[in-house]
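*Asks:* Sequence plus the predicted model coming up.
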Amino acid sequence: MANQEDDFKRVISHAKEYGYVFQSSEIYDGLSAVYDYAQNGAELKKNIREYWWKAMVQLNENIVGIDAAIFMHPTTWKASGHVDAFNDPLIDNKDSKKRYRADVLVEDYVAKIEAKIEKEVAKAAKRFGTAFDQDQFLATNERVVEYQGKADEILKRLGRSLENEDLADVKDLIEELDIACPMSGSKNWTEVKQFNLMFGTKLGASAESAMDLYLRPETAQGIFVNFLNVQKTGRLKIPFGIAQTGKAFRNEIVARQFIFRMREFEQMEMQFFIRPGSQQEWYEKWKDNRMKWHLSLGMGKENYRFHDHEKLAHYADAAADIEFRFPFGFKELEGIHSRTDFDLSQHEKYSNKKLQYFDPELKENYVPYVVETSIGLDRMFLAVFSHSLREEELDNDTTRTVLKLPAVLAPTKAAVLPLVKKDGLPEVAHKIIEDLKWDFNVVYDEKDAVGRRYRRQDAAGTPFCITVDHQSLEDETVTIRHRDSMEQQRVAITDLKSIIHKEVDMKTWLHRIV
Ligand code: ATP
């Protein structure tokens, strides 16, 4: 556990030191769970957004993208169920005065049981070597089966209690499991209460005429209320999708995991409109498609898993998360939800406008069903960033810190370094930058010895370093160093563009999805 915490602290401090993420309003001691993206962070975030947008909108003929406003008519949130049901169950510890999400306390307890299972698996794998059959071990080892049974039972009960709004039972569960406040170790808990997560604000100048608004807690509703406009103006035929990226706001009760859980964050959502009855098929297809998108970035299959929801949200008939192995364990990165016709039907009811589609093949009108994919851009950022940060032992008994970002997402693709600050080398370096900057983000760096500059670029996540030396003046060649392998090659300056292009081109990476 201590190790995980150290790893996570290292991620946070590295993000600050290398210009990725800063605490918001830091000079005023910051604002809890609000963060700013710095010069490198803004680029990484933009690249992730673009990678998603291209995969969704550009590569799918039947998906279009929109950009709806953050402010929406307040009735939207009545219709969507957020005013009545967008709550988290909270519980306070009377001694430490710390507030927690009751469900998260229980889930963390279960995560500890799962960690025990993983430990048993690792131990057995070592003992049995190549003969180890993990599936068989999981199904037959007495201790593991007992752990798994207990974990399943707890999650089932939690799901059931939350679904039935039986908050007293959630508290009973916390007490039965003997869960203590992680800060104080105290088990002196208050009752569990519901807490609405929406931020309110006002529209209008005078107090009397001002209208109470909410900052949107999800981008999805901006898609639903525009459904018919987009379908008609785009002459779209079912099945089709509408995608959007943008800010969402939630007054999260517990927000202490850096950019994993923020109060202002960005979502990338796609609502796929389908014929009623076809939801199971599309739900499976989108689960598969989204997992492929993740795997295309090469961050290791073993770091992802699906988690099917026990407790379904008020709008869903099936839901699964794609979980990622964050520094603090497997946690939700993306949700895939079969939302039925809930949202469109609700908006029909509250707006008194028909939100139906005429299906030319069936020759009938219906309210389409929806399968949604919803991913947090900031969480994806954290997944990529934390996974990429490594301490590597090198052959000469030294270590290096390297940020092995997928090259397609790296903020800066290459650094151009003159070996020395004289003899005309800086001029050649600048000329190379002039040529490359039309295609890639590149930087110039002449300070310190070249070895230190390499380390600096490794830590910043730059996939290539291009070094200009005296030989460059004679034969127009340079060395190009690869971040991950640290290999250096002598290449012609005229070949640089194609070498970099081959590694960072979005097209090549996206091809892995299909
Ligand atoms: P959680 O259970 O972690 O609170 P959720 O199930 O409420 O998440 P959804 O409403 O399904 O999340 O939102 C879709 C995605 O938006 C999530 O998978 C996550 O990546 C992202 N997300 C949700 N809340 C936050 C937040 N407070 N900060 C950052 N990202 C978030």
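*Replies:* Alright, I've got the coordinates.

*Asks:* CA atoms only: put stretch 364-371 into PDB for me.
*Replies:* Below are the C-alpha coordinates for stretch 364-371, written out as PDB (Å, rounded to 0.1, in the frame of the first residue of the first chain):
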ATOM      1  CA  GLU A 364     -43.100   3.300 -38.400                       C
ATOM      2  CA  ASN A 365     -42.300   6.000 -35.800                       C
ATOM      3  CA  TYR A 366     -40.500   5.200 -32.600                       C
ATOM      4  CA  VAL A 367     -38.400   6.700 -29.800                       C
ATOM      5  CA  PRO A 368     -34.900   5.300 -30.500                       C
ATOM      6  CA  TYR A 369     -33.000   3.300 -27.900                       C
ATOM      7  CA  VAL A 370     -29.500   4.500 -27.000                       C
ATOM      8  CA  VAL A 371     -26.200   2.900 -26.200                       C
END
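
*Asks:* And the contacts of that stretch?
*Replies:* Contacts with stretch 364-371, where a contact means CB atoms under 8 Å, 6 or more residues apart in numbering, come from 224, 227, 238, 271-279, 282-283, 286, 336-341, 343-345, 348, 355-359. Every C-beta, even on glycine, is put in place using the N, C-alpha and C of the backbone.

*Asks:* now swap in stretch 299-307 and tell me
*Replies:* 287, 291, 294-295, 320-325, 330, 332-333, 383-384, 387, 406.

*Asks:* Tell me how many other residues crowd A313.
*Replies:* 15 (other CB atoms under 10 Å).

*Asks:* Give me the three-state assignment for it.
*Replies:* Following DSSP: H, G, I helix; E, B strand; the rest coil, A313 is assigned to coil.

*Asks:* For the ligand, see how far away it is.
*Replies:* 8 Å (CB to the nearest ligand atom, to the nearest Å).

*Asks:* Please apply the same query to Q136.
*Replies:* In terms of CB to the nearest ligand atom, Q136 sits 33 Å off from the ligand.

*Asks:* Could you list the buried residues of the helix or strand harbouring that residue?
*Replies:* Following DSSP states H and E, the helix or strand that holds Q136 is helix 134-140. Within helix 134-140, the residues scored as buried using 16 or more other CB atoms under 10 Å are F137.

*Asks:* got it, and stretch 87-96?
*Replies:* In stretch 87-96, counting by 16+ other CB under 10 Å, buried: 88-93, 96.

*Asks:* How about the residue in the stretch 101-250 of the chain positioned nearest to the ligand, nearest residue that isn't a chain neighbour?
*Replies:* Closest residue of the stretch 101-250 of the chain to the ligand, CB to the nearest ligand atom: R250 (4.9 Å). Distances taken as CB to CB, 6 or more residues apart in numbering put L197 closest to R250, at 4.5 Å, once the chain neighbours are dropped.

*Asks:* Need phi/psi at that neighbour.
*Replies:* The phi/psi pair for L197 (degrees, to the nearest 10) reads phi -90, psi 0.

*Asks:* How about the contacts made by K353?
*Replies:* So K353 contacts 228, 347 (CB under 8 Å, 6+ apart).

*Asks:* how near is it to N365?
*Replies:* 14 Å (CB to CB, to the nearest Å).

*Asks:* cool, and L138?
*Replies:* 49 Å.

*Asks:* Out of the buried residues of stretch 87-96, which comes closest to the ligand?
*Replies:* Among the buried residues of stretch 87-96, and counting by CB to the nearest ligand atom, the member closest to the ligand is D88, at 7.6 Å.

*Asks:* Look up which residues are beta-bridged to that closest one.
*Replies:* F195 (DSSP bridges).

*Asks:* does it really touch R99, like I thought?
*Replies:* No: in this structure, D88 is not within contact of R99 by CB atoms under 8 Å, at 10.4 Å.

*Asks:* The nearest residue to L436 once chain neighbours are set aside: what's it in contact with?
*Replies:* Nearest-residue entry for L436: V442, 4.8 Å, with adjacent residues in sequence omitted and distances by CB to CB, 6+ apart. Shown in contact with V442 (CB under 8 Å, 6+ apart): 412-416, 433, 436.

*Asks:* before we move on, the earlier item: can I get the buried part of the contacts of stretch 364-371 as one PyMOL selection?
*Replies:* This is how PyMOL selects the buried members of these, with burial counted by 16+ other CB under 10 Å:
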select buried, resi 224+227+238+271+272+273+274+275+279+282+283+286+336+337+338+339+340+341+343+344+348+355+356+357
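
*Asks:* mind listing which of the contacts of stretch 364-371 are in strands?
*Replies:* Secondary structure from DSSP state E places 271-274, 336-340, 357-359 of the contacts of stretch 364-371 in strands.

*Asks:* Show me which pair in these is furthest apart.
*Replies:* Greatest spatial distance in those: I336 and F358, 27.7 Å, computed using CB to CB.

*Asks:* Kindly report the residues of this structure close to the ligand.
*Replies:* Within the chain, the positions near the ligand by CB under 6 Å from any ligand atom are 218, 250, 252, 261-262, 265, 267, 332-335, 374-376, 378-379.

*Asks:* Closest residue of this protein to the ligand?
*Replies:* Checked against the ligand (CB to the nearest ligand atom), the nearest residue in the chain is G376, 2.6 Å away.

*Asks:* give me the beta-bridge partners of that residue?
*Replies:* If you apply DSSP bridges, the partners that G376 bridges to are Q267.

*Asks:* circling back: show me what the helix holding Q136 is packed against.
*Replies:* If contacts are counted by 3 or more CB pairs under 8 Å, 6 or more residues apart in numbering; DSSP states H and E, helix 134-140 sits against helix 102-128, helix 142-163.

*Asks:* contacts for it?
*Replies:* 117, 121, 124-125, 144-145, 148.

*Asks:* quick one: that helix to chain centroid distance?
*Replies:* 31 Å (CA atoms, centre = their mean, to the nearest Å).

*Asks:* how about that helix as PDB, C-alpha atoms only?
*Replies:* What follows is helix 134-140, C-alpha atoms only, in PDB (Å, rounded to 0.1, in the frame of the first residue of the first chain):
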ATOM      1  CA  GLN A 134      -4.600 -19.300 -13.700                       C
ATOM      2  CA  ASP A 135      -8.200 -20.000 -14.500                       C
ATOM      3  CA  GLN A 136      -8.000 -23.400 -12.900                       C
ATOM      4  CA  PHE A 137      -6.300 -21.900  -9.800                       C
ATOM      5  CA  LEU A 138      -9.000 -19.200  -9.500                       C
ATOM      6  CA  ALA A 139     -11.700 -21.800  -9.700                       C
ATOM      7  CA  THR A 140     -10.300 -24.400  -7.400                       C
END
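
*Asks:* quick check: mean pLDDT across it?
*Replies:* The average of the pLDDT scores along helix 134-140 is 91.

*Asks:* Geometrically speaking, which residue is the centre of this protein?
*Replies:* M380 (2.4 Å; CA atoms, centre = their mean).

*Asks:* residues contacting the residue nearest to R250?
*Replies:* Per CB under 8 Å, 6+ apart, neighbours of L197: 86-88, 217, 250-253.

*Asks:* Among these, which one lies nearest to N164?
*Replies:* Nearest to N164 among the contacts of L197, with distances taken as CB to CB, is N87, at 14.0 Å.

*Asks:* Looking at that closest one now. What's its pLDDT?
*Replies:* For N87, the predicted pLDDT is 89.

*Asks:* same thing with M1?
*Replies:* M1 is given a pLDDT of 46.

*Asks:* cool, and N62?
*Replies:* Looking at N62, the pLDDT reads 97.

*Asks:* low pLDDT regions in this structure?
*Replies:* 1-2 (pLDDT under 70).

*Asks:* That one - how does it break down into domains?
*Replies:* 1-75+198-394, 87-196, 412-513 (automatic domain parsing).

*Asks:* Could you grab the helix/strand/coil label for the residue of the chain positioned farthest from its centre?
*Replies:* Distance from the C-alpha centroid of the chain, by CA atoms, centre = their mean, peaks at E474 (48.0 Å). When classified by three-state DSSP, E474 comes out as helix.

*Asks:* L417 is in contact with T467, correct?
*Replies:* Yes: using CB under 8 Å, T467 is in contact with L417, at 5.0 Å.
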